[in-house]
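Q: What would the 3D arrangement of this be:
(2 chains)
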Amino acid sequence: MTPFRVSIVAAIAAVILLLVILELIRSRRLQERYALLWLLTGIVILILSAWRGLLAKLADLVGIAYPPSALFVLASFFVLTVLLHYSTVISQLADQNRILAQRLAILEHDLRSREEED
Amino acid sequence: MAELAQPVVESIEPELARRRRIAIVPAYNEEHTVARVIEEIRAFDPGFAIVVIDDGSTDRTAVAAERVGVQVLRLPFNLGIGGAVQTGYQYALDNGFDLAVQVDGDGQHNPQEIARLVDPILAGQADMVVGTRFAEGGGYRGTRLRRVGIHLFAGLVSLMVGQRVTDTTSGFRAVNRKGIRLFAADYPHDYPEVEATVLLARHRLRMVEVPVVMRIRETGSSSITALRSVYYMVKVLLALFIGLFRRYSTPLEEP
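A: Here you go, the predicted model:
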């Protein structure tokens, strides 16, 4: 069984994480679509730290002897998922950035040639 | 769009003179060489429209190019050779050109050799022509490491496109309207030449190599330094590998 203290600390950390995310969304510093994975991370960790029986069962299922380790494994899995998601977002932004730069260069050129004609 | 000057050089093939032709000159910090490259292109054929893409230079490349009276597209920041060249193809597409030649702004390509480059296109034998340093008649001096890398890619790309390719990293190329349309819509990033060759084959466009002699760079340094070579190799290998499984759907017909 997970030591009681580990559960308390993990639960508090999850609650803080959730509150910070909600505040970031509220103040419009974080868009909902990018917050979803984070919210899911916080909720899952909160549930597993509160529901200690479930965590023990889960750890047993995948062969982890010490249940709190399962909590860490799960947390790092979510963090990896979030990072991978961000990499795709960055790639997309870089692409859009390139297209904007190219369009801008051509538009600026057209604008200047038009000004010279006038 | 500036009016195209009528060719005055008699040696220009009549077939070339009939084409709406443009030289795409990517330049990144080439203020000392870009004007001479432009003059050399004009000396070869004054009928070439010339567009210089200033790839976010920190020197006066754009000013040097404008001073000799060519069109200059200024990218707001450095995109790398792929993004810069693609801007040129987009410009060529927008302005209805049907023959485009890529000539580096650093002076390593000899514009006199454009004649050889455009020949297979004028004859209708190819959609893209690449100036190669390794085919018979060409000459190349470079470090052994770079030669090994270039040959490795050449072998790999030859396998992938089912045609012998000797120089996949040459940026001295000519394309027809089909090629312009393809590259305006889809052009690889960082180190684009290798992938562009495969991309072209995937779209069933025809590629031909002609031997050229490249000059030794006068100023600046190659965009591929020793340290970057490894990154370059891995990145291109990954891109080639993924490219095998990618679906290509760029529309190539005129709308």
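Q: how close does B:A43 sit to B:Q71?
A: 18 Å (C-beta to C-beta, to the nearest Å). All C-beta atoms are positioned from the backbone trio N, CA, C, and that covers glycine.
Q: For these two, indicate the residue with more neighbours.
A: Comparing B:A43 with B:Q71 by other C-beta atoms under 10 Å in any protein chain shown, the one with more neighbours is B:Q71, at 21 against 11.
Q: Looks like the more buried one contacts B:A49 (just checking).
A: Yes: applying C-beta atoms under 8 Å, one finds B:Q71 in contact with B:A49, separated by 7.2 Å.
Q: Residue 100 in helix, strand or coil?
A: You didn't pick a chain, so chain A it is. helix (DSSP: H, G, I helix; E, B strand; the rest coil).
Q: try chain B instead
A: Applying three-state DSSP: B:A100 is strand.
Q: Hmm, it is touching B:G179, no?
A: Yes: taking contacts as C-beta under 8 Å, B:A100 lies within contact range of B:G179: 7.3 Å.
Q: Would you mind listing where chain A has pLDDT under the threshold?
A: Scanning chain A for pLDDT under 70 picks out the ranges A:1-2.
Q: got the residues of it near chain B?
A: Residues of chain A lying close to chain B by C-beta under 8 Å from any C-beta of the partner chain are A:R98, A:A101, A:Q102, A:L104, A:A105, A:I106, A:E108, A:H109, A:S113.
Q: Grab the nearest non-local neighbour of the third one.
A: In space, not counting the residues next to it along the chain, A:Q102 is nearest to B:T87; the distance is 4.4 Å by C-beta to C-beta, 6 or more residues apart in numbering or on different chains.
Q: what about that neighbour, helix or strand, and which?
A: helix B:81-94 (DSSP states H and E).
Q: what's the answer for B:V52, then?
A: Going by DSSP H and E, B:V52 is in strand B:49-54.
Q: Quick one: residues in contact with the helix or strand just after that strand.
A: As assigned by DSSP H and E, the chain's next helix or strand after strand B:49-54 is helix B:61-67. Contacts to helix B:61-67, defined as C-beta atoms under 8 Å, 6 or more residues apart in numbering or on different chains, come from residues B:25, B:27-32, B:34-35, B:38, B:52, B:54, B:72, B:74, B:105.
Q: again, only using 6 Å
A: For helix B:61-67, the surrounding residues in contact (C-beta atoms under 6 Å, 6 or more residues apart in numbering or on different chains) are B:A27, B:E30, B:E31, B:V34, B:A35, B:V52, B:D54, B:V72, B:R74.
Q: what's near enough to touch the third one?
A: In this case it means B:E31. So B:E31 contacts B:D59, B:R60, B:T61, B:A64 (C-beta under 6 Å, 6+ apart).
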